[in-house]
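**Q** Sequence plus the predicted model coming up.
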Amino acid sequence: MTCGTITLNTPDLAALKLPTDDNGPIFAEPWEAQAFAMAVKLHEAGHFAWTEWASALAEELKGAADRGEPDDGTHYYHHWLAALERLVMEKSLAGQAELAERKAAWVDAYLHTPHGQPVELSSGPT
């Protein structure tokens, strides 16, 4: 407890309203699991409190609702990723240009990876 407020050492996954089944979170695509893991790891590394993360995600979800976007769960991880990118920039972990460069590198790697093979970034310049 800190100043009368309970702090979470680990994410409260139930409170996030993740798409789940009996085995845990459901990810339709590998990038969703990776975005999920990045948020958890950045939190564990102390880059942001879980309450900050939950607020950022809630703001993204509210923005989508305010824009009239359907709440059918198909875009949940798009909102997750948008919240993560915003926090990464707010915390000066990466800038917008750096994020755009990294996204372009992933797209290039994806387009040049044979079907059925894992997509990997090269260690060289993008």
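**A** Great, that's in hand. Keep in mind it's a predicted model, so treat the numbers as computed, not measured.
**Q** didn't Arg86 look like it was pressed against Ser55?
**A** No - counting by C-beta atoms under 8 Å, Arg86 sits too far from Ser55 to count as a contact (10.7 Å). From N, CA and C alone the C-beta is placed, and that goes for glycine too.
**Q** what's near enough to touch Phe48?
**A** 42, 87, 91 (C-beta atoms under 8 Å, 6 or more residues apart in numbering).
**Q** so which of those residues is the most crowded?
**A** Counting neighbours by other C-beta atoms under 10 Å, Leu87 comes out on top of those with 20 neighbours.
**Q** Go ahead and confirm it touches Thr51.
**A** No - assessed by C-beta under 8 Å, Leu87 is found out of contact with Thr51, at 11.9 Å.
**Q** Could you count how many residues lie near Asn23?
**A** Each residue near Asn23 was counted by other C-beta under 10 Å, and the total is 6.
**Q** Next: Arg86.
**A** Look at Arg86: counted by other C-beta under 10 Å, it has 14 neighbours.
**Q** count of neighbours near the residue nearest to it when sequence neighbours are not counted?
**A** Counting by C-beta to C-beta, 6 or more residues apart in numbering, Ala56 is the residue found nearest to Arg86 once chain neighbours are left out, at 5.9 Å. Look at Ala56: counted by other C-beta under 10 Å, it has 21 neighbours.
**Q** how would you label Ala56: helix, strand or coil?
**A** helix (DSSP: H, G, I helix; E, B strand; the rest coil).
**Q** Tell me how far it lies from Ala82.
**A** From Ala56 over to Ala82 the distance is 9 Å, taken as C-beta to C-beta, to the nearest Å.
**Q** Check Ala65 too.
**A** For Ala65, the distance to Ala82 equals 14 Å [C-beta to C-beta].
**Q** go on, Glu60?
**A** Distance, Glu60 to Ala82, using C-beta to C-beta: 5 Å.
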